[in-house]
Every structure is written in structure tokens, then in C-alpha cells.
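A.B. asks: Just the structure for this:
(chains A and B)
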Amino acid sequence: MNEMTPIKTTIKDWETDQEVRWCPGCGDYAILKAVQRTLPEIGADPAKTVFVSGIGCSSRFPYYMETYGFHTIHGRAPAVATGVKLANPDLDVWIITGDGDALSIGGNHTMHLLRRNLDCQVLLFNNEIYGLTKGQYSPTSRVGTRSPSTPFGSLDRPARPCAFALGSGARFVARGIDVHKNLPKVLKAAHAHKGTGFIEIFQNCIVYNDDVFAPFTAKPNAAANQLWVEHGEPLLFDGGTKGLTMDVAHLTLKVVDVVDGDWKAAGVIVHDQTNRGLAHMLVEMPQVGFPVALGVLYDDPAPTYESAVVEQNRAASEGKVGDLQKLLAKGQTWQVEKEPHVI
Amino acid sequence: MATAVHQVTPEEANAHPPSESVVVRFAGDSGDGMQLTGGQFTLSTALAGNDLATFPDFPAEIRAPQGTLFGVSAFQINFGSASIETAGDAPDVLVAMNPAALKTNVEALKPGGLIIADEGEFSDRNLAKAKYDSNPLEDDSLAKWTLMKLNISQLTLDAVKPFGLGNKEALRCKNMWTLGLALWMFDRERQPIVDWLKAKFAKVPELAEANIAALNAGHAYGETAELGGQVGQINVPAAHVEPGLYRTVTGAESIAYGLVAGAQLANVKMFFGGYPITPASAILHHLSRLKEFGITTFQAEDEIAAVAASIGASYGGQLGVTSSSGPGIALKTEAIGLAIMTELPLVIVNSQRGGPSTGLPTKTEQSDLYQAVYGRNGDAPMPVIAARSPADAFDCAIEACRIATQYMTPVMLLTDGYIANAAEPWKVPDISGYEAFPVSFLEEVPEGGFLPYGRDDKLARPWVKPGTPGLLHRIGGIEKKAGTGNIEYSPANHQEMTDLRRDKVAGIAIPDQQVDLGEESGKLVVVGWGSTFGPIHQAVRRARKRGLDVSHIHLRHIWPMPKNLEGLLKGFERVLVPEMNTGQLKTVLRDQFLVDAKPLNKVSGQPFRIAEIEAAIDAALAT
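C.D. replies: Numbers count the residues shown, from 1 in each chain, chains lettered A, B, ... in the order given. The predicted structure is shown next:
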């Protein structure tokens, strides 16, 4: 995020006059509301805010935000956003993308955005399906996903967005759920982080992939399967009756029972959001037998790309004046005084 | 259809003796430093006041296996006291540093021309690599030329002995020895080269000294040694040129400078997004050193990111520029469509090379004209400009910036590998003589309300910087409603917007087409574009000297075309269009004006020879 004077706005100030055209019941509505609720709370200025998106259901998002917005082309939002931010580092840039947009066609740009650490927020709406093109399996779909293009089940193993982000050098990695009350908190943390704030948001596609996340998002499953991490707090879930400890022999995480709330006795790890190794383990936990780690999994700021560019431009220009006429006359030149005589 | 397969006969080659100009070709292994030799010879020639044109011709491989035929790197320079517009048809002098260089270049040499060969490199091994059965320096196969055998390798080793270099390093000075000899032959100053060597090897003075010693030794050899009357000093007098300050410039340099000038004249900062590709990378290299001009350069992860970031920067309020060559332009195409749809300024430089696909990365072609004019999905009109020479590229880059910022549109600037790499003398322009075209960002809600897709009298929409209060709006690649820019798919709106985009580009104000040489009507006009300017111009000039009724028109504006062009073309009985492709401009001219344009095509990776075009002129007038 940027250093800026807080601006007083209400949720209404962030809504456009455009009719929102997602399917009724789509998780995108909840994410839109969460963003519109968060921005007034962080004192953001609509005029200095830019939403950049690619292609897909999620990428219609900018049309519904009363800010500057650019709905670009499939997969390229990170590249366009890089240009926007380099042209004007004072802008607060948000990238809206999906699993296909960010990890399939735009995987390369996502990787390089994270590696460069451009100061912006990336909201990756992961619904494990191509919604806008009517339900083909996506790079995050589980093996065996039946879809119009994979009637006998998909064969390729899914990408894991947060593992991809960490592997690309991300300095902020978080997870949220479309309808969960904690989403604004995660958004705020990403915005407070100077650098690329990467958030994977589990988003339910009611039409093509309904309830794919229900094993951990449905009310009856939530407590036992969601682990909301908190910096400095033990990694507990299921009402504090279970926790994560280190299986030192195998260098992996292990679920342990916590008896009478004595998590220390059970050896439960305290979350350190600056611990990259821990973050890797949290995002790589198997889907069976482990909870889903949510919240701010990793947050360890590093210098941002645009600030380095600004600084290098400044240093390289120091003491120099951009005199074009001088530049043109530089190097080996010669003066022709008059027409040479004819021999 | 005419095809340029005509081989120049000795009679033709000598029919118009270019007494006032000399063509020299340096050829050697790609590790022999021939491009450096040529570049420095060019510099000293320019300093001597000659007009000149050059043709660097090198392999795509960084270091092809030594001594092989495909590893030969050559540099040709044509210089003289008359106006020089081509690198010359046939060399008068060929410097061959090894058997492969001799084999691949000797056939181009004029009959009677001089071969200077390094006999030290004509070992059995090197002869075999060059697929010679016997040593051409020893048999009679070179009889129609003048042969000068020198053991340049040994002479160089002797000259640099005092500096204690290893054998390999010492032999690297061969190119300077050769340059010294060439400088003597053409009475050129050594001092600029000496200064350059000192600067280049400032950190390793012994290398500077060794190279200078080799240079001096080559020069002294010419002055004192046993040249046996084969060759004396050739004095080419200075050319008639307008008084003023001159320098040499390559196309890549002049495009970089032109873009800087264009951004200044538009009063905006420039953002340049690029990705390495031959032969376009040099533009990125030049601009990345010019931070004090308010330029941000960005080496992106790929061609698509390079253009997408440039579009993002244009949206952010800077002038986005991207540059590539054919394959890279193909990758950028979807994003160029986005810039057309969102009506943002963008300059795209295409340094064309031989295609399709990877094609001939280091060879020249003009085969991306269709790609530039038509190569996008949807009805996606975009202005296209083509530079004719390294010096002309400066003005063309400014023109591209003007159109992009004044009309809120991407503009493609076509150049090619020949223009990008070739050097020519350039009268340093007086930048105060250029008319400024400052952009005005919309900063307040105008009377009657703000419309992101409102239009001015040029049909351009307003340019608004994000960060401006009160003008918040959204843009994107989906069809927009006229005026508001909101998403709108309705049939009537799409028709209206398609027409608007077409009319905006069609209505761009461009200067009337001039006739470059000859009358404004007559029997034959030769119409060209891009780097074929030199050979076409010379061919038309020669034909006119012989009394033929032929004119030359060279297009800068490929799209839209000048308003008076149709009238001009229809004033001629015949239209001949020489191109280094299979007839792309020819097709566009036929389509636009229903004229019977006839093609003359060459796609060998080599520029046209003057004689080839002259022969086509004769043929066209004979029917």
C-alpha cells in the first residue's frame, strides 16, 4: 500500500451505477462487498485507486468499483498493472484475477509480478473451474474433475496457488473464503503490506462447481477443517482441541490433539508470519487429514520493484540535464563548414 | 510476376562506373571482429567528409564454429563524394580473413576488383572447412580479380610481440591490422581509432597499446611495403553536403533519439517496455541509458508483458512504447487490439527481419506489412509508418509519437534489420525547429459532463490520468458504449463504434505525398517504402539519366495513405513496386486505389541491388 492521507468514504462511494452481472448466488458478490467494506475502513481514496483485471467472471470486478479501472486481456493483468504502477507509483493498485487467468494463461506474468515484488494487491478468485467459458476444468481443478472438456475426468494434477506464489518469491501470502467474515481483515493485511500482497480467495461457483470447497467451508465442517492462523498465536483449530506440531523426524507438520487447552504440552507451533519455511508447510498441507490454513500465512516485506525503479531513475539522472540537442550532437561529430570545392 | 533473380553481368556492373565512390567489404569469421572493423572504418570515413552507406551482414549464431561457411560475418561500406544511398551493388575491394569468407563473398566482387586475403589462415584445415578442394590463392580460380596475399596473422603477431599477449589474444588484433591497411589505402585518419581504442580498453592499457600497434603496423605496411603496384592509395574526395554539424547514426540510435524527441514534443514522460529480440534490442539498450530524459525502461518477462506494461503506463499517463521484431509483434498482437479498443496512445516499433516464424533473425526483409496493416482480430485499424533510412527513422519516430498522442491510438513504426544496424552520416537536427504537439490531459469535468469516450474534433477521446479526482472511469477490451464507455453489446452501438474507430484513423492528418524524383505524371512510377529507398532512388536516377520517363515515390505513411496518392498514381501509365517480400504494398495499393501495380520482389535476405531495379524499370518500359 501507499503512504496516503486517509480519506473519509462510505461503502456507497465505492459502488458504481453499473448493474452487477454475476450469477445469483455467486461468491463474487460477497468478495465485492468485502472489498467495498474494507476500502472505507483503510481510508483509501477512490481517485487514487486502480483495479486492473484480466478475463473471466472475476475480472468484471473493476466495472463495479467506483475507482479507476482497467479490464484488460486474458492473463495479462499483472503486466498491465506493472506499467500503471511504474508510470505512477502513488496509485493504489489492485489486481483481480481467477485461477485460469492467473495460473494458466497468465502464469508467467503472475510469477514475475511476485518475483519483482511490485507494490499491489492480488486477489485470486479460485473456484477451480472456468466459469465464463461454461465449466471446463481449470489449473486448480482436482484430478478427475468431469467437465465439458474432460468428460472422463481431468488427468493433470492441480496447481496450488499459494505454493506457486511462495515459490515465485512472494513476500505476502494469505488465504480467505468468499463469504467468511475474516475476508476484510485479510484484505487489510494485504493492503498494509508494502509489496505484492497475494490472496487466494476460495470462491464458490454456484453453477459449474457448486460446493467444491464445502468439505471445509460448509458450516458443519468449518470448525474441524479451517485453521485461521494469527501471528504469535498457536496453530489451533476445531475449537482449540487440535493443533499443528512439527514432525521432526519427517520434517513435516502433524495434527495433534490438544487436551484441556494445554497446547504447549501438545507441542503446537506458534505462528510466525515471517517464517518462510513454515509458510511453505502450511500451504502444502495435504487435503485429507489436515485442516486448510487460512489468514495471513506469510508476511515478510522486502524492497518493492517500483521503488527500486524510481530510485535507479533518480540516481542515474542525478546531476544530469536531459538536453536532447546535446545528446544528438554527442559522440564523433564533424563540422561541414561550406560546400567542398569541386575537383 | 517479376522476381529479382537477375545476376549482374560485368557489363552492367561497369556500365555506370561509380568513379566517385568505392565499395569495400570486410569479411571474416564471426569471431574476427569484422563488424567492429567496419564500424570504425565507417567512422573515419565519415570524418573524412564522405557520404556513405553500410551493410552489416552477420550470422544469427553468436559464435558459429570457426572457419565455417555459415560463420562468416561481413560488413560492406559504400562511400564517396556523391550522394550515397545504398551500400553498393558490387564491392571494389574484398578483405577476406579466411577461406570461408573468401568463398562466400568473392562472387559479389566486381571483375578486376581487389582481394586482400590473409594467407596465414588458408591452412588445409580451414580450406576443408570452407569446402575448397585446392587453395584458391595458389590456383588460377581468382584470375578475374586482383589478388593480394598477405600473411596478416603473422604480420599481426610480429607487430604485437612486445606486449606479451598470448597467441590467441594477439591474433585478435588482426582486425586492427587490417583496418590500418584500409585506412592507408583510402587516406583516412588513424587518430579517431586510436582514441576509440584507448577509451575502449581504458582498464587494460596493454590491450589498447597492442591494438594500436597492430593498427599502425597495417598502416605502415601499406605505406612502405611491397604492395607491388597492385594497389595504391585511393583518394575519395569529400561529398557535397549541406554545411552543418554531422555524426554517424544507426537506425536503432536514431529511433531511440526520435522517441525521446517525440515524448518531449508531446510533453509526456516515456515508458519503454521491451523484450530481447534481434534486431530490435538495440533500441532498448540505447533508451535504458537515458534516464535523465524522464524515460523508464522495463525489460519484461516476455513480449506480451512488454506491450501490456506499456499499455498500462499509457493508461497511467505516460507515453507507452514497445519494440520488437516480427515474431515478437505477433505475440503482442492481442494487446495491440486492446490499445485500439481502449484508445490509448502506444508506439510499437517493428524492426522487421526475414520470416515466417523465427525465419532469418539477422537478415532483412519487408514482409511484415500485412501484419502491420491487417494483422489483428476484428476491424482494428491502426496507423502504420515506415522509415526509409537510419536518419529518416528519427523523424518517423517523432511522427509516430505525434499521431499516437494526438489521436489516442497505437501506431506501428516499421523499420528493418538493415536500417537498425546500418550507419550513415546524419546532419544533427535542430530540435527547436520541430513543432511541439503537447498533450492536454483532461483534469476537470468539462461542461456538459465527463464522457470517457467523448470525442474531440479529431475523434480522439480524452486522456485522463488515474489519480485525477472527479474523472473516475473504467475501460476495457469489451465493446464500449459510445460516449460513456460502459459495456454495451447492442448491434447499433457496435456499428457506431467500429465506424468511429475506422473514421478516426482514416482522418489522421498526414502530409501530402511528394514525388521523390522525377515528374508528377508520366510513363512509369516506382513506388517503394522502407529501406529500399536507396537502391530505388539510384536506379530511377540512373534510368532518368538515360532519358527514361520514370519517377520515384517513396511512402512514409503506409496507413492511412496520403490523400493525394491515388491521384498521383493514376497520373502514371505503369506502377512498379519493388519490395523485399512477395508483394505486400502492391496488394494494398491495388486494393485501395484499383491501380495495376506490378511487383518486383526479392526475399533473399539481402538488399536490392541498383542494377536489379534498373533492369525491372527497363523491362516495365519495354512492354
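A.B. asks: tell me which parts of the stretch 51-200 of chain A are close to chain B?
C.D. replies: A:52, A:62-63, A:65-73, A:76, A:78-88, A:90-91, A:108-109, A:111-112 (Cβ under 8 Å from any Cβ of the partner chain). All C-beta atoms are positioned from the backbone trio N, CA, C, and that covers glycine.
A.B. asks: hmm, 7 Å instead?
C.D. replies: Counting by Cβ under 7 Å from any Cβ of the partner chain, the stretch 51-200 of chain A comes close to chain B at A:62-63, A:66-73, A:76, A:79-84, A:86-88, A:90-91, A:108-109, A:112.
A.B. asks: Can you tell me the SS state at residue B:424?
C.D. replies: The three-state assignment at residue B:424 reads strand, by DSSP: H, G, I helix; E, B strand; the rest coil.
A.B. asks: and the residue nearest to it when sequence neighbours are not counted, what is it in contact with?
C.D. replies: With sequence-adjacent residues excluded and distances taken as Cβ to Cβ, 6 or more residues apart in numbering or on different chains, residue B:424 is closest to residue B:390, at 5.0 Å. For residue B:390, the contact set (Cβ atoms under 7 Å, 6 or more residues apart in numbering or on different chains) comprises B:249-251, B:254, B:419, B:422-424.
A.B. asks: Let me know the pLDDT of residue B:390.
C.D. replies: Reported pLDDT at residue B:390 in the predicted model: 93.
A.B. asks: Check the one 3 residues further on too.
C.D. replies: pLDDT, residue B:393: 97.
A.B. asks: now the helix or strand hosting it, how far from the chain's geometric center?
C.D. replies: Here residue B:393, judged by DSSP states H and E, is contained in helix B:390-407. Chain-centre distance of helix B:390-407: 16 Å, with Cα atoms, centre = their mean, to the nearest Å.
A.B. asks: go on, stretch B:68-80?
C.D. replies: 16 Å.
A.B. asks: Same check on stretch A:58-65?
C.D. replies: 16 Å.
A.B. asks: Stretch B:471-483 too?
C.D. replies: That offset, for stretch B:471-483, works out to 38 Å (Cα atoms, centre = their mean).
A.B. asks: Kindly format the C-alpha coordinates of it as CSV.
C.D. replies: Provided in CSV are the C-alpha atoms of stretch B:471-483 (Å, rounded to 0.1, in the frame of the first residue of the first chain):
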residue,chain,number,x,y,z
LEU,B,471,-13.0,11.7,-13.6
LEU,B,472,-13.1,8.1,-12.3
HIS,B,473,-13.9,5.7,-15.1
ARG,B,474,-13.4,2.2,-16.3
ILE,B,475,-12.0,1.0,-19.6
GLY,B,476,-11.5,-2.4,-21.1
GLY,B,477,-11.4,-4.6,-24.1
ILE,B,478,-15.2,-5.3,-24.3
GLU,B,479,-17.1,-3.1,-26.7
LYS,B,480,-18.0,0.2,-25.2
LYS,B,481,-21.0,2.4,-25.4
ALA,B,482,-20.3,5.5,-27.5
GLY,B,483,-19.6,8.3,-25.1
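A.B. asks: Using neighbour counts, pick out the buried residues of that stretch.
C.D. replies: Of all the residues in stretch B:471-483, those buried under the rule 16 or more other Cβ atoms under 10 Å in any protein chain shown are B:471-477, B:479-483.
A.B. asks: give me phi/psi at the most centrally placed residue in chain B?
C.D. replies: The centre of chain B sits closest to residue B:419, judged by Cα atoms, centre = their mean, with a distance of 0.8 Å. In terms of degrees, to the nearest 10, the main-chain angles of residue B:419 are phi -70, psi -40.
A.B. asks: Please apply the same query to residue A:246.
C.D. replies: phi -100, psi 130.
A.B. asks: what about residue B:70, neighbour count?
C.D. replies: 12 (other Cβ atoms under 10 Å in any protein chain shown).
A.B. asks: By neighbours, which of the contacts of residue B:390 wins?
C.D. replies: For the contacts of residue B:390, the largest neighbour count, defined by other Cβ under 10 Å, is 33 neighbours, found at residue B:251.
A.B. asks: ok, that residue to residue A:163 distance?
C.D. replies: In this view, residue B:251 and residue A:163 are 46 Å apart by Cβ to Cβ, to the nearest Å.
A.B. asks: what mean pLDDT would you report for the biggest helix by length in chain B?
C.D. replies: Longest helix in chain B, counting residues (DSSP state H): helix B:205-224. Average pLDDT, helix B:205-224: 91.
A.B. asks: just the strands in the stretch 301-450 of chain B please.
C.D. replies: Secondary structure of the stretch 301-450 of chain B by DSSP state E, counting those that start in this stretch: the strands cover B:319-324, B:346-352, B:384-386, B:410-416, B:423-427.
A.B. asks: Tell me which of those strands approaches residue A:182 most closely.
C.D. replies: strand B:319-324 (38.8 Å; Cβ to Cβ).
A.B. asks: Give me the helices and strands touching the closest one, please.
C.D. replies: On a contact count with 3 or more Cβ pairs under 7 Å, 6 or more residues apart in numbering or on different chains; DSSP states H and E, strand B:319-324 meets helix B:251-266, strand B:270-274, helix B:303-316, strand B:346-352, helix B:390-407.
A.B. asks: Parallel or antiparallel, which strands does it pair with?
C.D. replies: Partners of strand B:319-324 in the sheet, by DSSP bridges, are strand B:270-274 (parallel), strand B:346-352 (parallel).
A.B. asks: is it possible to export those to TSV including mean pLDDT and mean neighbour count?
C.D. replies: Output for the strands paired with strand B:319-324, formatted as TSV (pLDDT from 0 to 100; neighbours: other Cβ atoms under 10 Å in any protein chain shown):
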stretch	mean pLDDT	mean neighbour count
strand B:270-274	98	28
strand B:346-352	97	30
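A.B. asks: how about TSV for those strands, with distance to residue B:156 added?
C.D. replies: Listed next are the strands paired with strand B:319-324 as TSV, based on distance: least, Cβ to Cβ, whole Å:
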stretch	distance to residue B:156
strand B:270-274	39
strand B:346-352	35
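A.B. asks: Quick one: the helices in the stretch 1-150 of chain A, in order.
C.D. replies: A:27-41, A:77-87, A:99-100, A:107-116 (DSSP state H, counting those that start in this stretch).
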